[in-house]
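J.: turn this into a model:
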Amino acid sequence: RWHFARPFDAVEATPVPLARVPICNLRHEASGLAVDVSVGNTVAIDNTLLIRTYVELDERARQLCALVKAWAKARRLSSTRHGTPSSY
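T.: The predicted structure is shown next:
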């Protein structure tokens with residue numbers, strides 16, 4: 001694990017060496033915001049563009065995505081490393 005100083009303002013970074021694509025988990029310590037950063041994963045870019053298109057077509061798509069993601073996370077159904085579908 002690494003800790004970055006400014007301008008990142010205390011971000012904890014944890015590499016995930018066994019991931020199928022290079023990935024690093026980042027967590028902003030003050031807010032608790034957590035994100036995953038991957039490199040060279042074109043499928044993730046395509047997924048992001050698809051979701052953006054859905055939201056541009058209908059704002060309710062954002063709410064639906066958040067609802068489904070929270071539902072799957074609460075039931076531990078969003079962990080690709082355990083064979084479940086991705087959070088997309």
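J.: buried residues, stretch 19-37. List them.
T.: Neighbour counts over stretch 19-37 (16 or more other CB atoms under 10 Å) mark 23, 26 as buried. Placement of C-beta: from N, CA and C, glycine included.
J.: the closest residue in space to Arg20 that isn't next to it in sequence and Arg27: what is the separation?
T.: Nearest residue to Arg20, sequence neighbours excluded (CB to CB, 6 or more residues apart in numbering): Thr80, at 7.9 Å. To Arg27, Thr80 is 19 Å away according to CB to CB, to the nearest Å.
J.: same check on Thr42?
T.: For Thr42 relative to Arg27 (CB to CB), the value is 25 Å.
J.: I'd like to know how many residues surround the residue nearest to Arg20.
T.: The tally of other residues near Thr80 (other CB atoms under 10 Å) stands at 12.
J.: shouldn't it be in contact with Ala44?
T.: No - shown here, Thr80 and Ala44 do not form a contact pair, counting by CB atoms under 8 Å, at 11.5 Å.
J.: next one: phi and psi at Pro15?
T.: Torsion angles at Pro15 (phi, psi; degrees, to the nearest 10) stand at phi -70, psi 150.
J.: residue contacts, the nearest residue to it once chain neighbours are set aside?
T.: Residue nearest to Pro15 in three dimensions, not counting chain neighbours: Cys24, with 5.1 Å by CB to CB, 6+ apart. Each residue near Cys24 by CB atoms under 8 Å, 6 or more residues apart in numbering is listed here: 13-16, 36-38.
J.: quick one: secondary structure of Cys24?
T.: With DSSP: H, G, I helix; E, B strand; the rest coil as the basis, Cys24 sits in strand.
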